[in-house]
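> sequence and predicted structure are below.
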Amino acid sequence: MTIANLPAIRTCRPAWNKGRVVGQKRPLMPRHVWAIRVRLEIAENHRDLALFNLAIDSKLRGCDLVKLKVADIYASGQVKERASIIQSKTQRPVRFEITEGTRKSILRWMQEPLMVGSEFLWPGRFHERLHISTRQYARLVREWVKSIGLDPTSFGTHSMRRTKVAHIYRKTGNLRAVQLLLGHTKMESTVRYLGVELEDALTISEAVEI
């Protein structure tokens, strides 16, 4: 008697995204940015304040932000006003500004004992890890947004990257500037990233008189 080959029965595992909000993460509003800054300042959490500020200013992907070295943003005894790095994803350079408040928070963080002799701007707390991981960074972002009462499922590391450029776009409608700031090679990528729709385009067009 022959026995037919039956398909293996596997235990059904829940989907990885069950209960999660997937898709683009929302940018922070200016009031959210200030609320998080105030909380970190009150807590005297110098590392997180410097990391949060630079994440907003630099508009870098998490993988590039966590790997920043001191030499990337610090020279001649002071934090640079502008810096440039090579992006991991595109292998293309991108420049970003470092505002005065961010420079002050970075200088304060660099006075901490953990930073003595550190090559990386966000050193890991264990010897086998040179810098914090993207997973650690994502966990910090969740803690920041939760601290001001926001739903952490609606925000993520890309919220940090999108926050300033979304505000720039709303104020100016300048997609080319946003493209350069994000280091995108194609305008289509910037349009998708910002979620620009026809209504946005029409609003911009209505504001221009010729």
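Perfect, I can see it now. Numbering: from 1, shown residues only.
> setting the sequence-adjacent residues aside, check what's closest to Q136.
V66 (7.6 Å; CB to CB, 6 or more residues apart in numbering). For every residue, glycine as well, the C-beta is placed using N, CA and C.
> hang on, the one you found packs against W122?
Yes. Assessed by CB atoms under 8 Å, V66 is found in contact with W122 at 5.8 Å.
> common neighbours of the two, please.
H131, I132 (CB atoms under 8 Å, 6 or more residues apart in numbering).
> quick one: the longest helix belonging to the chain to chain centroid distance?
What stands out as the longest helix in the chain, according to DSSP state H, is helix 157-172. Helix 157-172 sits 10 Å away from the centroid of its parent chain (CA atoms, centre = their mean, to the nearest Å).
> and the contacts of it?
24-28, 30, 33, 52, 55-57, 59-62, 65, 134, 137-138, 141, 145, 174-175, 177-178, 181-182, 193-194, 196.
> okay, helices next: where are they in the protein?
Going by DSSP H, the chain shows helices at 30-42, 46-58, 62-65, 70-73, 100-109, 134-147, 157-172, 175-182, 187-194, 198-206.
> tabulate those helices (CSV), appending distance to E81 and mean pLDDT.
CSV is the format used below for those (distance: least, CB to CB, whole Å; pLDDT from 0 to 100):
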stretch, distance to E81, mean pLDDT
helix 30-42, 20, 96
helix 46-58, 11, 97
helix 62-65, 18, 95
helix 70-73, 10, 96
helix 100-109, 7, 97
helix 134-147, 24, 96
helix 157-172, 16, 87
helix 175-182, 15, 82
helix 187-194, 25, 76
helix 198-206, 30, 61
